[in-house]
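Asks: Need coordinates for the following:
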Amino acid sequence: MTFEALNVSLDENCFSDFIKRYHFNEEDKKEIIKLYRKVHPRVHAIFHYIVEDDKEGGKVATVVASLGRAFDEYQNVLVRQQDIHGAYIVDCLGLELLSKAYDQIDAKIHEMTGLYTGGYTFAGSKEIPLEELPAIMKKLGQKKIRYNEAYVLVPKKSVLFTTRLYEKEQESHSKCAECNAKNCSMRMEEYKEKLVDEAEVETKPAHEEKGLIHLYTGEGKGKTTAAIGLSVRAAGAGKKVIFSQFMKGRETSELNSFDNLPNITVIRKKEDMGWFKKDDEKSIALFTKAHNEILDKITDKVKAGECDVLVLDEVTYPWNFEIIDKTRLKDLIANKPENMEIVLTGRNADDFFVNHADYITRMEKVKHPFDAGIQGRLGIEF
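Replies: Next comes the predicted model:
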């Protein structure tokens, strides 16, 4: 078993296309090039493959490829520095570098086997369920690229796929050939007409996919952070995100990163309302008014169709303290638009939230510096 090295890079003249493809702004170009120059020397792209006979008497190659661990480490540094925009740029650069690797993989497999690759079938597709990953990885017999308990490949910028091999060269299986983004400004002309023909026989457009409900609860740290991560991912996919916060009025560092991201609208009280006092009538009235105003704004956005993903951060607190219109909040969650995703966060989640959630993640506190008298730190806790 040996790995083949891949020499992947981006021509700096192509960054205008990169900006359009990943929906950045032209003013991001300088930062994109700067980050590319930092991350590219860390890329150690490799791939390994095996060839087997298929049931029809042909040949199939199973391939695993990666940009290496150093790429992940640099992206993790940016995340720890709360540079979410930079981390997202690096993530997109990784996707682009992997796409460059595919052409080299095709060429090297042809060089070593005399056969040509066809379309790719990736792990996680209907044809290769993630549950089959352990058996496939065992068959590949390599140890540089692994997977975790969620069947995510490690390093993160790694892929596993199969491809049929042919004696004659096949039509390109580029992103344009496989992609269904009808209105993409980067779409190659020869694939536009084909896409229109295929659209005529579609039975269920992608936008009708059912949205689910997530609940992050428990005593442990990370509930809001998890919701922010999902929001960034959704915005990166072009979804419209409403990130609402309850109970919080003072400025918090995590939301500053949203300023540089498209598609995310923050709805929260701008003024610092201080700590909620459950036995103080003025505090109860202040927080109830603020939370119902937030609920009004959220409801207007949802009714106007301006929300694909709705985050209700810390929503369990106004529910449990009864400082929000629970009837309207229930209606928002229970009768949400079918394709809208909802994320709920907060401790002591009521049965209503638990019963309606499709995902439930419980954060467990094993140890926390607060217990040792260490106060919250800027950029870490707030």
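
Asks: and the strand or helix carrying Val354, which residues are buried?
Replies: Using DSSP states H and E, Val354 sits in helix 351-356. Buried residues in helix 351-356, defined by neighbour count with 16 or more other C-beta atoms under 10 Å: Phe353. All C-beta spots, glycine's among them, are computed from the backbone N, C-alpha and C.

Asks: What residues of the next helix or strand after that helix count as buried?
Replies: Following helix 351-356 in sequence order, the next helix or strand is strand 359-363 (DSSP H and E). Using 16+ other C-beta under 10 Å as the burial criterion, the residues of strand 359-363 that qualify are Met363.

Asks: Report the backbone C-alpha coordinates of strand 359-363 in CSV.
Replies: Only the C-alpha atoms of strand 359-363 are listed here, as CSV (Å, rounded to 0.1, in the frame of the first residue of the first chain):
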residue,chain,number,x,y,z
TYR,A,359,-32.1,16.5,16.9
ILE,A,360,-31.3,16.7,20.6
THR,A,361,-27.7,17.4,21.8
ARG,A,362,-27.2,17.6,25.5
MET,A,363,-24.0,19.4,26.6
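
Asks: where does the stretch 251-382 of the chain have low pLDDT?
Replies: Within the stretch 251-382 of the chain, the set of residues satisfying pLDDT under 70 comprises 251-254, 365-382.

Asks: Mind jotting down where the strands sit in the protein?
Replies: Secondary structure of the chain, counting by DSSP state E: strands at 4-5, 46-53, 59-66, 116-122, 146-147, 153-154, 158-166, 213-218, 241-245, 264-267, 309-313, 341-345, 359-363.

Asks: I'd like the ones you listed as TSV, with distance to Lys301 appended.
Replies: Shown next, in TSV, are the strands of the chain (distance: least, C-beta to C-beta, whole Å):
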stretch	distance to Lys301
strand 4-5	49
strand 46-53	45
strand 59-66	40
strand 116-122	35
strand 146-147	38
strand 153-154	36
strand 158-166	36
strand 213-218	17
strand 241-245	5
strand 264-267	7
strand 309-313	8
strand 341-345	13
strand 359-363	22
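
Asks: Which one of those strands lies nearest to Gln81?
Replies: With C-beta to C-beta as the measure, strand 264-267 is the member of the strands of the chain nearest Gln81 (19.5 Å).

Asks: Enumerate the positions of the closest one that are buried.
Replies: For strand 264-267, burial by neighbour count (16+ other C-beta under 10 Å) applies to 264, 266-267.
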